[in-house]
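In: Here is my input; please provide its structure:
(one chain, ligands or ions: 1)
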Amino acid sequence: MNSNELKKSVAMAVLDYIHPGEIIGIGTGSTVYYFIKALSTVKNLIRGAISSSNSSTFFLKKYGIPVYNLNDMKSLTLYIDSADEINFKLQMIKGGGAALTNEKIIASVAKEFICIADESKLVQVLGEFPLPVEIIPMATSCVLNKLKMLGGKPKVRKNVITDNGNIIIDIYNFKISDPIAMEKKINSFPGVVSVGLFAIRKADVALISTASGIKKIT
Ligand code: 5RP
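Out: Here you go, the predicted model:
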């Protein structure tokens, strides 16, 4: 199975974790795209979605799934999203699709976060994938300087403006031994909107798609 087939397979598998009739939070990316398509094959499985990006909103609407505003929700039971990397503690790097801040907001209010990913995303130590950081544009050079002092190689992502009008810095060559401490540290830099480390609010369940089936990690 290639990576797209693995993504499709886990996107179908997570349908079994949804309580019918709910509004659920939905992430961003190609795995989530397959999930939105899978949702559209089961009529009225969900009542609607809270979307983490303009791109997911586009696909949700295209497949006839109503999109609600997070501010109108009293609570949210479930958030489903993928990751760029996930470790065995279910801490993640996210933001390859530049939607990290909105993803983090929705994840923070959801009672349960299920991460769906193909096996290439499962790692021992986070940081092979460049760590995305969303920043306010005027803070670019001062945040770049602060991030350099952490030891990695931060670079502004070219030709990308987030849905919130900000820019993304990706930190290359940056193995993260203590994800919670690093998330807190980068969050503390003025100008940082959010960092794509999901360690403080990690996933509760990971469904990992492998050639031999879906592996569940809790
Ligand atoms: C978007 C994300 C995605 O979850 C992450 O980039 C994985 O994407 P894909 O499913 O395309 O591999 O964090 O901001």
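In: Does the closest residue in space to Phe59 that isn't next to it in sequence lie in a helix or a strand, and which?
Out: In this structure, Phe59 finds its nearest non-sequential neighbour in Ile36, 4.8 Å apart by CB to CB, 6 or more residues apart in numbering. C-betas here are computed from N, CA, C, even on glycine. Taking DSSP states H and E as the criterion, Ile36 maps to helix 30-40.
In: Tell me how many other residues crowd Asn54.
Out: When counting by other CB atoms under 10 Å, one arrives at 12 neighbours for Asn54.
In: Repeat that for the one 10 residues further on.
Out: Under the neighbour criterion other CB under 10 Å, Gly64 is assigned a count of 9.
In: Tell me how far the nearest residue to it once chain neighbours are set aside lies from the ligand.
Out: Computed as CB to CB, 6+ apart, the closest residue to Gly64 that is not its neighbour in sequence is Ser40, at 6.5 Å. With distances taken as CB to the nearest ligand atom, to the nearest Å, Ser40 is found 17 Å from the ligand.
In: Would you agree Ser40 is in contact with Ala49?
Out: No - between Ser40 and Ala49 there is no contact under CB atoms under 8 Å: 11.2 Å.
In: List, one by one, the residues from the protein near the ligand.
Out: For the chain, the contact set with the ligand under CB under 6 Å from any ligand atom comprises 27-31, 81-84, 94-100, 103.
In: among those residues, which are in helices?
Out: Counting by DSSP state H, the residues of the chain next to the ligand place 30-31, 100, 103 in helices.
In: show me what contacts the closest residue to Gly48 other than its chain neighbours?
Out: Of all residues beyond its chain neighbours, the one nearest Gly48 is Pro66 (3.8 Å), with distances taken as CB to CB, 6+ apart. Pro66 is in contact with 47-49, 60, counting by CB atoms under 8 Å, 6 or more residues apart in numbering.
In: and what of Glu112?
Out: For Glu112, the contacting residues are 77-79, 204-205, by CB under 8 Å, 6+ apart.
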